[in-house]
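Novice: I'll drop the sequence and a predicted model, then ask my questions.
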Amino acid sequence: MDPDIKRRGLMLVLSSPSGAGKTSIGRELLRRETGLGLSVSATTRPKRPGETHGVDYFFVDTTEFGLMVNRGEFFEHAKVFGNYYGTPRKYVEEKLADGRDVLFDIEWQGTQQLREKAANDVVSVFILPPSTAELERRLNARAQDPAHVVARRMGEAANEMSHWPEYDYIIVNRDLDASVAKVQAILSAERARRDRLVGLGDFVKRLRDGR
């Protein structure tokens, strides 16, 4: 791209019911794509095996989370399965202004708040499982949650999936590589959108003037 044409970054949102694959798709997307960084959320959820504070999440208690909300430090926040999640504003705003894209692994509640506050910057993708049976198999296979939590997540899946019409794009995640490739195609197209290109008008004017 011409050095006089800058691009404003975008917020790429991946949402899905638990177990449908948004986290796996997001991790592979981050490995393949340059100029894309993960929005690290704050959460009151207990740390899972292998997770690192400040990398996977900022793990805080409920009191601190409430103080952060009151101070207006979140771009969005929501309560999911009894735990609170929120996206720090400063990190996201700085990345977008610098022309870098930010990946969000959030649920429909957070996506709604992002659209309310920054609709022009949001590109949303909803990930669906190929079947209910496969969704349950994936939840059990990852062995991160006890049986009662898996059952609760399955109970919530229908409500979560009902929000698919609120999203820009829908992907049925039958195969991880194919799903990642589809998200890459979406990202490539959205990066080239006219309204994200800063300085394009002046560039075209120079071309028309023969410069």
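Specialist: On my side now, so go ahead.

Novice: which element is residue 116 on?
Specialist: Using DSSP states H and E, residue 116 falls within helix 108-118.

Novice: Kindly apply the preceding question to residue 124 instead.
Specialist: The secondary structure element spanning residue 124 is strand 122-128 (assigned by DSSP H and E).

Novice: Let me see the ranges of the strands in the protein.
Specialist: Secondary structure of the chain (DSSP state E): strands at 6-7, 11-15, 36-38, 41-43, 57-59, 74-80, 83-88, 101-105, 122-128, 169-172, 197-198.

Novice: packing partners for the second one?
Specialist: Using 3 or more CB pairs under 8 Å, 6 or more residues apart in numbering; DSSP states H and E as the contact criterion, the elements in contact with strand 11-15 are helix 22-32, strand 101-105, helix 108-118, strand 122-128, helix 176-191. C-beta coordinates here come from the backbone N, C-alpha and C atoms, glycine included.

Novice: quick one: which of the ones you listed has the weakest pLDDT on average?
Specialist: For these, mean pLDDT drops lowest on helix 108-118, to a mean of 89.

Novice: What are the buried residues along stretch 45-64?
Specialist: Within stretch 45-64, the residues scored as buried using 16 or more other CB atoms under 10 Å are 45, 56-60.

Novice: Dump those to JSON lines, plus distance to residue 39.
Specialist: Output for the buried residues of stretch 45-64, formatted as JSON lines (distance: CB to CB, whole Å):
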{"residue": "45", "distance to residue 39": "16"}
{"residue": "56", "distance to residue 39": "12"}
{"residue": "57", "distance to residue 39": "11"}
{"residue": "58", "distance to residue 39": "11"}
{"residue": "59", "distance to residue 39": "16"}
{"residue": "60", "distance to residue 39": "16"}
